[in-house]
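K.L.:
got a sequence here, can you build the structure:
(2 chains)
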Amino acid sequence: MTVRHIIGASVPRKEGWDKVTGAARYVDDMALPGMLHGATVRSTIARGKIKQIHFGPGVDWNEYVVVSAKDIPGKNCIALILDDQPCLASEFVNHPEEPILLLAHPDRPKLRKAVEAVSIEYDSLPALHTIEESERQSTIIWGRDNTFKNFLVEKGDVDAIWKKAAHIVEGEYFTGAQEQLYIENNGVIAAFDPKNGVTVWGSLQCPYYVHKALITLFALPEEKVRVVQMETGGAFGGKEEYPSMIAGHAALLAMKSGRPVKIVYDRMEDMAATTKRHPSRTRHRTAVSKDGRILGGEIEFTIDGGAYATLSSVVLSRGTIHAGGAYYWPNVRIRTKAVATNAPPHGAFRGFGAPQSLFAMERHMDRIAQVVGISPVEVRRRNFLKSGQTTTTEQTIKENIDLDRLLKRALELSDYAAKKKRFAEKNKAGTNRKGIGIAAFLHGAGFTGSGERYLNSLVGAEAGADGIVRVLVSSAEFGQGTNTVLCQIAAEALGLPYENVSIAQPDTSVVPNSGPTVASRTAMIVGKLVQSAARGIKETLTKTGLLHEDYSPEQFRAACKEYIATHGALKSYARYEAPPDVFWDDEKYRGEAYAAFAWAVYVAEVTVDLTTYSVTVDDFVALQEVGRVLHPVLAEGQITGGVAQAIGFALYENVVWQDGRMMNNQMTNYIMPASMDLPPIRVFFEENGNVHGAHGAKGIGELPMDGPAPAILNAVEDATGVRFCSIPLLPEDLFEALRPEFNEQAVPSSVRGIA
Amino acid sequence: MNPSSAESAKRGISFIVNGEAKKVLAHPMERLLDVLRNNLGLTGAKEGCGEGECGSCAVLLDDMLVNSCLIPIAQANGASVVTIEGMSAHSLMKPLQESFLECGGAQCGICTPGMILAAAHLLDKKLDPTLADIREGLAGNLCRCTGYMQIFEAVAKAARRRVTQ
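P.N.:
Numbering: from 1, shown residues only, chains lettered A, B, ... in the order given. Now for the predicted structure:
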């Protein structure tokens, strides 16, 4: 009996039953005997030299375990790319909320008072808080020029095209910081013993990132560090690099106290101290022909990285490669940089730089349409990338894509033409204005350029004597469906029922390094390796003559049992092999940036209320081509969830900064979409094969973060005639631009959000 | 406050939790959420925000849906509390849990216990809720993963299932 149709079927989520019964175990649901609780003493200023630390009265300090930078046995850094971020500040602080001291106590409520009783004296130093301030270099806070990373992409001869242009269209676009706002805050438990080293259980995306960071921090051999991922209550990039920090802190306290230590942040600490999406500024200068074709252009993309380099170079890379959008640029120069400011480091967040540069591209396309005098639909149609053409990095599109058709279908699904006409008529009167806007875009799956080659991921599968095959990966489940999709792929490869495949809890002492759970790479890249590893099991059994084609699960079980009795463990591993036709030049930033792109056209319909100045999204159509859809319900959930987050990015989620510190670090005053705030999000797929992914899958998780914000602002412009270029777009901004006394005046070309 | 006075400030609290009589010694202002999780080992209610915004700590207190992070334990004295763990016998649970699984209503799962309690509370009041009823009934429960659409679908499906059962 061969079981078919596991791929493409909406099988039950592997860990689903535990989640709907409340039995799923997150890190804060776990306790170890003798466990202490840990807390962090953080800087209160943006930049300065630590002069003195006072342990105030009213606290019996003998009850507390105190850790400072001096207690770090290895290197005082969070090992990642440049290793410039200290685990604990020792001499200087470079942003508010920077960790300086750690405290532990058996009684969690007693920690708050103790943290408050520590006071730190500083000699403060001048600090920088915006991209512009950082660029001016009135003070140097990082490296030689406040710049973490630059990229330059050059294609064709941009300097020669300006004189051929019928129009030169310029624009400047801004996006704000955004909090990931997973509902489960960051948390870990650490244990230490001199013989076995460090063990950490935590809420995290990348067990081997934490593993690497702890090896460096403790100067331990790799077998003496063990990292276990617990059920993780949302991540979105916010648990990509930050868990290395909190894990290091808990482990240092565990080492010093000799007892297990739990650190779980409360919401205010999590929001104030952990990473957010990089704020950005993008400038476009585009040469356009009389009929609206892009002849070439210059794009300048800058992101604010906060105080340390962390992942900014990689975020910048993705933003750079996506800056030209889904369009054909015969000539282009893209200059990008990540700059330092004295804010907590900005980090990974779904989309990873692409939502920022694509916001600019898709707003700019509407601007080009206006200048040329054609419709937003037509300007896109005339510039779409086609199969055989090259991207800005001169990657030839080998996939069979038809963006024209995708656009046409999205317009039909959203009833675009009829609505556009109807709204124009209706908007002549009343206190509401309606509009409709589109965004067309792409998202590259997997690590950028040579990234997957460096990751060199390894995946395993192990069959038990009971005939159950266990997938061995460090790829983490945090809601997106990793467990389920990887088990589907293995089951399909083995011809076994889905129930006969399980997945190991990510534990670095058990699973190989299949790379980080990021960059929309899991289904496509790790999935392909799972398929190979699973096939390896089958081949071992057939080659030893224990199994023949067309076997039943019972025959498979008997074969596994016999193999294990004779030979021992039945395991199979598969390592990443770069496709032979993928070439990338890191120096010139040229070549095959991604093995595959997902493509999408989104349409947003909005109402602008001229009494309250609020924007409501009334309808949302999300049409995408993501290769083969492995699990329709999970895939749809990725899109609706991403669109919701991106609606928040566009209209609600405003980080209020003061001297580098987030002032609204609560769910009460940082507003994410609730059940009443969202339109129907209507999700549609086109399925086009992809040669590189398992069963033709491409990445899906980040794509929906890219399109909604520009589609919504395009719709707001359609409704109001005002060209907003900055998100979040808040009622205050609309009020500034639309209130009656302003109507007489020219509206500024870019109306920026409140800082 | 020294340890002995801290101990003496504790009070005996008697209440019914998931149908069983419980007695705990706690400060009157201790949060119901902490007592459930730390004293009684009922970890199904989760702390998301600690200020009553997210609903992931939702429980039923005398049949009212409350955020247990906002309830001082003194207020639960003599009351009946039901957490997700105590809902298994409720006739709505099976249809709700199955619908959540089928429709994709649970992703990371951290909001799910609160979301399911809110849904059960809604379906207890409304036999055949409209989409607007469902949106309103779940307005106090934040989900960052799903964009809510599949949760709405799950609740509507559970309501239909109950009718046909």
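K.L.:
and chain B, split by domain according to the record?
P.N.:
B:3-87, B:93-164 (automatic domain parsing).
K.L.:
deepest of those, which one?
P.N.:
Of all the domains of chain B, domain B:93-164 has the most neighbours on average by mean count of other C-beta atoms under 10 Å in any protein chain shown, namely a mean of 22. For glycine as for every other residue, the C-beta is placed from the backbone atoms N, C-alpha and C.
K.L.:
got the end-to-end distance for that one?
P.N.:
Chord length of domain B:93-164, first to last residue, is 15 Å (C-alpha to C-alpha, to the nearest Å).
K.L.:
quick one: average confidence on that domain?
P.N.:
When pLDDT is averaged along domain B:93-164, the result is 96.
K.L.:
now it, how far from the chain's geometric center?
P.N.:
13 Å (C-alpha atoms, centre = their mean, to the nearest Å).
K.L.:
and stretch A:640-657, by the same measure?
P.N.:
Distance of stretch A:640-657 from its chain centroid, counting by C-alpha atoms, centre = their mean, is 13 Å.
K.L.:
before we move on, what about stretch A:528-536?
P.N.:
The chain centre lies 26 Å from the centre of stretch A:528-536; the measure is C-alpha atoms, centre = their mean.
K.L.:
also stretch A:228-238?
P.N.:
Here stretch A:228-238 is found 12 Å from its chain centre; the criterion is C-alpha atoms, centre = their mean.
K.L.:
does chain B sit close to that stretch?
P.N.:
Yes - contact of stretch A:228-238 with chain B (C-beta under 8 Å from any C-beta of the partner chain) involves A:231-236.
K.L.:
now, which of those sits nearest A:Arg422?
P.N.:
Of all the residues of stretch A:228-238 next to chain B, the one with the least separation from A:Arg422 (C-beta to C-beta) is A:Phe236, at 36.6 Å.
K.L.:
how about that closest one, secondary structure?
P.N.:
Following DSSP: H, G, I helix; E, B strand; the rest coil, A:Phe236 is assigned to coil.
K.L.:
what sits against the closest residue in space to it that isn't next to it in sequence?
P.N.:
Nearest non-adjacent residue to A:Phe236, counting by C-beta to C-beta, 6 or more residues apart in numbering or on different chains: A:Gln180, 4.3 Å away. The contact partners of A:Gln180, by C-beta atoms under 8 Å, 6 or more residues apart in numbering or on different chains, come to A:234-238, A:275-277, A:349-350, B:144.
K.L.:
could you do B:Thr146 as well?
P.N.:
Counting by C-beta under 8 Å, 6+ apart, B:Thr146 touches A:637, A:640-641, A:644, B:104-105, B:107.
K.L.:
try 10 Å this time
P.N.:
Applying C-beta atoms under 10 Å, 6 or more residues apart in numbering or on different chains to B:Thr146 gives the contacts A:479, A:636-638, A:640-641, A:644, A:681, B:103-108, B:111-112, B:115, B:152-154.
K.L.:
out of those residues, which are inside strands?
P.N.:
A:Ile681 (DSSP state E).
K.L.:
number of nearby residues for A:Gly637?
P.N.:
A:Gly637 has 27 neighbours, counted by other C-beta atoms under 10 Å in any protein chain shown.
K.L.:
now the buried members of the residues of stretch A:228-238 next to chain B.
P.N.:
For these, a burial check counting by 16 or more other C-beta atoms under 10 Å in any protein chain shown picks out A:231-236.
K.L.:
list just the nearest of these to chain B.
P.N.:
Checking these against chain B with C-beta to the nearest C-beta, the nearest one is A:Gly233 at 3.0 Å.
K.L.:
surely the closest one is within a strand?
P.N.:
No - counting by three-state DSSP, A:Gly233 is located in no strand; its state is coil.
K.L.:
got the buried ones among the residues of stretch A:228-238 next to chain B as CSV, with pLDDT columns?
P.N.:
Below are those laid out as CSV (pLDDT from 0 to 100):
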residue, pLDDT
A:Glu231, 98
A:Thr232, 98
A:Gly233, 98
A:Gly234, 98
A:Ala235, 98
A:Phe236, 98
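K.L.:
what's the closest of those residues to A:Val153?
P.N.:
Scanning these for proximity to A:Val153, where the rule is C-beta to C-beta, the winner is A:Phe236, at 27.5 Å.
K.L.:
wait, the closest one touches A:Ala646, no?
P.N.:
No - A:Phe236 is not in contact with A:Ala646 according to C-beta atoms under 10 Å; the separation is 11.4 Å.
K.L.:
shared neighbours of the two, which are they?
P.N.:
Taking C-beta under 10 Å, 6+ apart as the criterion, A:Phe236 and A:Ala646 both touch A:178, A:350-351, A:705.
K.L.:
contacts with chain B among these, please.
P.N.:
Among those, no residue lies close to chain B (C-beta under 10 Å from any C-beta of the partner chain).
K.L.:
just give me the closest of these to chain B.
P.N.:
A:Arg350 (10.5 Å).
K.L.:
that closest one touches A:Val643, doesn't it?
P.N.:
No - here A:Arg350 does not reach A:Val643: they are 11.4 Å apart, not a contact under C-beta under 10 Å.
K.L.:
hey, what's in contact with both of these two?
P.N.:
Residues touching both A:Arg350 and A:Val643 (C-beta under 10 Å, 6+ apart): A:704-705.
K.L.:
by mean pLDDT, which helix or strand of chain A comes out lowest?
P.N.:
When each helix and strand of chain A is scored by mean pLDDT, DSSP states H and E, helix A:740-743 comes last, with a mean of 56.
K.L.:
what sits against the closest residue to A:Thr611 other than its chain neighbours?
P.N.:
In this structure, A:Thr611 finds its nearest non-sequential neighbour in A:Thr431, 5.4 Å apart by C-beta to C-beta, 6+ apart. By C-beta under 10 Å, 6+ apart, the contact set of A:Thr431 is A:608-612.
K.L.:
need the residues you listed in a markdown table (columns: secondary structure, neighbour count and pLDDT).
P.N.:
Shown next, in a markdown table, are the contacts of A:Thr431 (DSSP: H, G, I helix; E, B strand; the rest coil; neighbours: other C-beta atoms under 10 Å in any protein chain shown; pLDDT from 0 to 100):
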| residue | secondary structure | neighbour count | pLDDT |
| --- | --- | --- | --- |
| A:Val608 | strand | 24 | 98 |
| A:Asp609 | strand | 14 | 96 |
| A:Leu610 | coil | 18 | 94 |
| A:Thr611 | coil | 7 | 94 |
| A:Thr612 | coil | 12 | 95 |
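K.L.:
do you know how far the residue lying closest to A:Ser244 once chain neighbours are set aside is from A:Val198?
P.N.:
The spatially closest residue to A:Ser244, leaving aside those adjacent along the chain, is A:Ala213, at 3.6 Å (C-beta to C-beta, 6+ apart). In this view, A:Ala213 and A:Val198 are 11 Å apart by C-beta to C-beta, to the nearest Å.
K.L.:
shared neighbours of these two, anything?
P.N.:
Counting by C-beta under 10 Å, 6+ apart, the residues touching both A:Ala213 and A:Val198 are A:225, A:227, A:247-248, A:251.
K.L.:
follow-up on the earlier one: where's the residue nearest to A:Ser244, which helix or strand?
P.N.:
helix A:207-218 (DSSP states H and E).
K.L.:
buried residues, the helix or strand following that helix. List them.
P.N.:
Downstream of helix A:207-218, the next assigned helix or strand under DSSP H and E is strand A:225-229. Residues of strand A:225-229 classed as buried by neighbour count (16+ other C-beta under 10 Å): A:225-229.
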